[in-house]
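Peer 1: Fold the following for me, if possible:
(chains A and B)
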There are 2 protein chains.
Amino acid sequence: MHIAEGLHRAALTNRNGIAYVDQGAKRTWIEMQSAVRRLTGGLVSKSVAMGDRVAVLASNSARQLECFYAIPSLGAITVPLNWRWSDREIADAIKDCEPAIILADTQNLSRVAGVAQSGIPVLRLGDDTDRLIADSEERAPFDLDAGSTAMIFYTGGTTGGSKGVMLSHRNIVTTAIGICAAFRLPSRPAWLHLMPMFHVGDGICSFSITMLGGTHVFIDRFDPVLVFEAIQRHRISCTNFVPSMLSTLMNHPERDRYDLTSIERVLYGGSPIPSELLAHFMREFKSWQFFQGYGMTESTALAVSLPWEEHHLDGPLAKRRASAGRPMLGVEVRIAEDDGTEAPDGEVGEILIRGDLVMTGYWRRPELTRQNVRDGWLHSGDLGYRDEDGFIYIVDRKKDMIITGGENVYSTEVEGAIYAHPSLVECAVTGLPSDRWGELVHAVVVPKEGAALSSSDIIERCRTYVGGYKCPKSVTIRYEGLPKSGAGKILKKALREELASQSELA
Amino acid sequence: MHIAEGLHRAALTNRNGIAYVDQGAKRTWIEMQSAVRRLTGGLVSKSVAMGDRVAVLASNSARQLECFYAIPSLGAITVPLNWRWSDREIADAIKDCEPAIILADTQNLSRVAGVAQSGIPVLRLGDDTDRLIADSEERAPFDLDAGSTAMIFYTGGTTGGSKGVMLSHRNIVTTAIGICAAFRLPSRPAWLHLMPMFHVGDGICSFSITMLGGTHVFIDRFDPVLVFEAIQRHRISCTNFVPSMLSTLMNHPERDRYDLTSIERVLYGGSPIPSELLAHFMREFKSWQFFQGYGMTESTALAVSLPWEEHHLDGPLAKRRASAGRPMLGVEVRIAEDDGTEAPDGEVGEILIRGDLVMTGYWRRPELTRQNVRDGWLHSGDLGYRDEDGFIYIVDRKKDMIITGGENVYSTEVEGAIYAHPSLVECAVTGLPSDRWGELVHAVVVPKEGAALSSSDIIERCRTYVGGYKCPKSVTIRYEGLPKSGAGKILKKALREELASQSELA
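Peer 2: Residues are numbered from 1 along each chain as shown, chains lettered A, B, ... in the order given. Predicted coordinates for the structure are as follows:
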């Protein structure tokens, strides 16, 4: 169990197949493996040693993919950094992981200029690494223990306080194979990288695509026309989306000008998707098979999945569209009451996860690790329930649940009701402090361009779907997008802070 | 990684789905889990303890499947025995594994009567175990190390000298998930058990089917009409065959009377399949997707697989029908020269296998384990090569290769040429001692009923496919089936012994 084995499999079984297409540049798998092994050799020559961290600050690219194999091949640890962070956040992560070296692409090089003064060497992911590859001898992957750390992904989750999640070779290889099984990926898929690789979602799928000997296709940025062109031109068979990306594509006026029928599988996840919106996607993209994935950085991206054949447009099983699905093979999921006992069917509890997918721990935070992983069980902080058929429904983040007048209100349920309104782009429901209710239910909605939307309109419609105490007591109509994480998740904590500062100003 | 987790997954995610159909008896998954847990409790009450072996001597049945989960749940080791063995062979295996208890079904009970006198308790798999299940409390699976032994499968391979292969929980769960990925098994497949469960082929697939929450269907014996009826009645979606079974079904006069279109996936393997015969199956069973598997007991059944989309009827890729495929995900395969170095493309070497699928060792044979597993690499004893696209071709067992006049002749290549003849049921090629040639190439052929077949006919036809030195110098026409192992492999060692004793008599 070594992540470089997947690369070796591709180089053996699809030697002359195209490993990647990136801005017109292409490489075969045998060339890719050679480049990776030379990069490993080059890093060794730069004194990178087993256990060292190597930070990578870059947009999605084939060069970043090469790093994902070259760095752990010598027993060092890849730390992909989020270029959407502020300089301060980047500096904090670097201070935390103490990298032996930093690799940054041209766009991001200036952002680590200050760090370079601290004595950590910075190489340009591009000219510098290309030269290193050209000048170095190939180094085969080192023998490593499967439990040794291959990558650290920083995650703030949606609750702030960024920390490094250590994933071992075993974590990554196990999940990459699990993804192939859960989504029934074809031999040699053509994969379009749309989500940032510095997150586990796309990051871990990368390893699945490589082990299958598929083709990685990179585009400059998420732009609907670029996406359509890439799908048509490279006959993309599989990709992954967050729901907001799918909405953007679906509503784009030029969609019908492109042939998008090569797509076989669409993995979606990263944030809950309202059931009606999902039905809309299914109707609009008829030939695409949708697969949902649910998980978190600490579970190596995925833990639960909903396969295509459980996506029903109508009938008694249509409710499953709101489900995250069933545990991936080899993964155990429990719904735990506050006292740790298993919750009965239909009762909400915290989602606990066990298996080879659970991170080895938080980087240099043994106490936090002990709090979150107990007896092998990862405590996800997410609330959900299991139905009588074993399908799991995520109802909320533990911290996003609203307690109003003594009643528990799951913000995602209310959001689902609001999303039934045809005139809005997105919404978020959160609690606001209230002397009378403890918290009161508050909605922030972003209307479609040109749509007229009133608070009472939202509240009235909501009332037809959910009980009165769950309906918003107040609504903010907002004309700019909601604050989101790099993975596209709505940041409710940031939203609450915004709302709090606005109410102070008012 | 505990094999009982797969059962628990089925009981959670397909609670009221049918776990099995066996001679009219049915159970749901929640009932099945309860029965297994009671059986675990019952075995504990019979003083079966962690690390103990429990031998099972039985035809395929749901009760045997229950044993596969109940025994390892308490940390004991299931040892399925081959009822096709002689009493002597059964006694030898029992002596070797020293079981704490023996479970035998009604048909096989008398065969262990002698053993019972040695003081080992024997329970009837049926009345006795049903009572144990009825009278016992449920016991949840014990916490176990993933590396602890769950099963011992006895294998003589095709080279004699039966030995116990220890497979851990990790071996079995890893391979069961790998099978789901390689064969893209659907959710909840309906699986027909045709091969004996005491072999890894069907035995390990059982774990895949359970973890997917599928349905196990058992029939009394391999009888073409029973098979057709079961496929039609239970809408069987997946099964596995050895090639000789497929031939029998294909040639059966009543085949067209049944609806066999529910079949989605056919896994075949266990012995090499001549490329022309495979093409014949593909043409005759048009709606079935064929997937090949190659492996051995020591690699937890499978190591290499050929997916459906690599089965080409014609064109330049048709040659891949003769290939065993590519390594399963997470599995490394090397083709090694005699000195251990990697053989170049197209050159024959020994097939070595590494990964979580490699057995933990031979039971109480540390020396033999050291000989066969070196630096984690399982030495398969099979000869093969890899083509330039990374597809692996098995050419022969190391011990079945014939050296004639200084030339290496792979018996399977000659068999492939002979199988092109339309009038035969099966054939085997082996070496006979020869003063002049060292060994000479000898063929044993079984003609179809009523077909006239001569030695010169066989030799002449063969010459149109392979070089003269590879053609048989002599042929035995035989009117009864060739000697086979329980898994349906032709036993060349037994055949050579027969041929030797005949030549002594002559």
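Peer 1: Excluding sequence neighbours, find me the nearest residue to A:E229.
Peer 2: Counting by C-beta to C-beta, 6 or more residues apart in numbering or on different chains, the nearest residue to A:E229 once its immediate chain neighbours are dropped is A:Y258, at 7.1 Å. In this view, the C-beta of every residue, glycine as well, is placed from N, C-alpha and C.
Peer 1: Correct me if wrong: the one you found contacts A:F228.
Peer 2: Yes - assessed by C-beta atoms under 8 Å, A:Y258 is found in contact with A:F228 at 4.0 Å.
Peer 1: that older thread, tell me the contacts of the residue nearest to A:E229?
Peer 2: By C-beta atoms under 8 Å, 6 or more residues apart in numbering or on different chains, the contact set of A:Y258 is A:F228, A:E229, A:I231, A:Q232.
Peer 1: From A:D339, how far off is it?
Peer 2: A:Y258 sits 54 Å away from A:D339, going by C-beta to C-beta, to the nearest Å.
Peer 1: do the same with A:H421
Peer 2: From A:H421 to A:D339 the distance is 39 Å (C-beta to C-beta).
Peer 1: which of the two has more neighbours?
Peer 2: Higher neighbour count among A:H421 and A:D339: A:H421, with 18 against 6, using other C-beta atoms under 10 Å in any protein chain shown.
Peer 1: What separation do you get for that one and chain B?
Peer 2: 34 Å (C-beta to the nearest C-beta, to the nearest Å).
Peer 1: Quick one: the helices in the stretch 351-500 of chain A, in order.
Peer 2: Secondary structure of the stretch 351-500 of chain A (DSSP state H, counting those that start in this stretch): helices located at A:366-372, A:411-419, A:455-463, A:492-505.
Peer 1: which residues touch the first one?
Peer 2: The one in question is helix A:366-372. With C-beta under 8 Å, 6+ apart, helix A:366-372 has contacts from A:K163, A:E298, A:G361, A:Y362, A:L378, A:H379.
Peer 1: Buried ones in that helix, by neighbour count?
Peer 2: Using 16 or more other C-beta atoms under 10 Å in any protein chain shown as the test for burial, helix A:366-372 gives A:T369, A:N372.
Peer 1: and the stretch 301-450 of chain A, which residues reach chain B?
Peer 2: Within the stretch 301-450 of chain A, the positions lying close to chain B (C-beta under 8 Å from any C-beta of the partner chain) are A:307, A:309-310, A:326-327, A:329-330, A:332, A:355-356, A:386, A:388-391.
Peer 1: Out of these, which comes closest to chain B?
Peer 2: Of all these, chain B sits closest to A:G390, with 3.3 Å by C-beta to the nearest C-beta.
Peer 1: That closest one and B:G17 touch, don't they?
Peer 2: No - the criterion here is C-beta under 8 Å, and A:G390 misses it with B:G17 at 9.7 Å.
Peer 1: more crowded one of the two?
Peer 2: Each of A:G390 and B:G17 has its neighbours counted (other C-beta under 10 Å); A:G390 has more, 22 against 18.
Peer 1: Please name the nearest non-neighbouring residue to the more buried one.
Peer 2: Residue nearest to A:G390 in three dimensions, not counting chain neighbours: B:T13, with 3.3 Å by C-beta to C-beta, 6+ apart.
Peer 1: wouldn't the one you found be in contact with A:E388 here?
Peer 2: No - checked against C-beta under 8 Å, the pair B:T13 and A:E388 is beyond contact range at 10.7 Å.
Peer 1: Between those two, which has more neighbouring residues?
Peer 2: Comparing B:T13 with A:E388 by other C-beta under 10 Å, the one with more neighbours is B:T13, at 23 against 9.
Peer 1: Tell me how far the more buried one lies from B:A318.
Peer 2: 41 Å.
Peer 1: Also A:N14?
Peer 2: 19 Å.
Peer 1: Which one's more surrounded, the two?
Peer 2: The residue with more neighbours, out of A:N14 and B:A318, is A:N14; 23 against 13, by other C-beta under 10 Å.
Peer 1: didn't the more buried one look like it was pressed against B:G390?
Peer 2: Yes - between A:N14 and B:G390 there is a contact under C-beta under 8 Å: 6.7 Å.
Peer 1: Return the residues of the stretch 1-150 of chain A in contact with chain B.
Peer 2: Residues of the stretch 1-150 of chain A lying close to chain B by C-beta under 8 Å from any C-beta are A:M1, A:E5, A:G6, A:H8, A:R9, A:L12, A:T13, A:N14, A:R15, A:N16.
Peer 1: Spatially, and excluding backbone neighbours, which residue is closest to the most centrally placed residue in chain A.
Peer 2: By C-alpha atoms, centre = their mean, chain A has its centre lying nearest to A:G201, at 3.4 Å. Once flanking residues are discounted, A:G201 sits nearest to A:M195: 5.1 Å by C-beta to C-beta, 6+ apart.
Peer 1: count of residues packed around the one you found?
Peer 2: 25.
Peer 1: now do A:V395
Peer 2: A:V395 has 21 neighbours, counted by other C-beta under 10 Å.
Peer 1: Next, the contact list for it, please.
Peer 2: Taking C-beta under 8 Å, 6+ apart, one finds A:V348, A:L383, A:G384, A:Y385, A:M401, A:Y410, A:T412, A:E413 in contact with A:V395.
Peer 1: nearest residue to it other than its sequence neighbours?
Peer 2: Setting aside the residues directly before and after it, A:V395 is nearest to A:Y410 in space (C-beta to C-beta, 6+ apart), at 4.0 Å.
Peer 1: Do I have it right that that neighbour meets A:M401?
Peer 2: Yes - using C-beta under 8 Å as the test, A:Y410 is close enough to A:M401 to be in contact (5.9 Å).
Peer 1: The residue lying closest to A:P472 once chain neighbours are set aside: neighbour count?
Peer 2: What sits nearest to A:P472 in space, not counting adjacent residues and going by C-beta to C-beta, 6+ apart, is A:A443, at 4.0 Å. Number of residues near A:A443 (other C-beta under 10 Å) recorded here: 25.
Peer 1: what comes up buried for the helix or strand bottoming out on mean pLDDT in chain A?
Peer 2: Sorted by mean pLDDT, DSSP states H and E, the helices and strands of chain A end with helix A:113-116, the least confident at a mean of 72. Residues of helix A:113-116 classed as buried: A:V115 (neighbour count, 16+ other C-beta under 10 Å).
Peer 1: If you count contacts, what does it end up packed against?
Peer 2: Under the contact criterion of 3 or more C-beta pairs under 8 Å, 6 or more residues apart in numbering or on different chains; DSSP states H and E, helix A:113-116 touches helix A:87-97, strand A:122-124.
Peer 1: switch the cut-off to 10 Å
Peer 2: With contacts defined as 3 or more C-beta pairs under 10 Å, 6 or more residues apart in numbering or on different chains; DSSP states H and E, the packing partners of helix A:113-116 are helix A:87-97, strand A:101-104, strand A:122-124.
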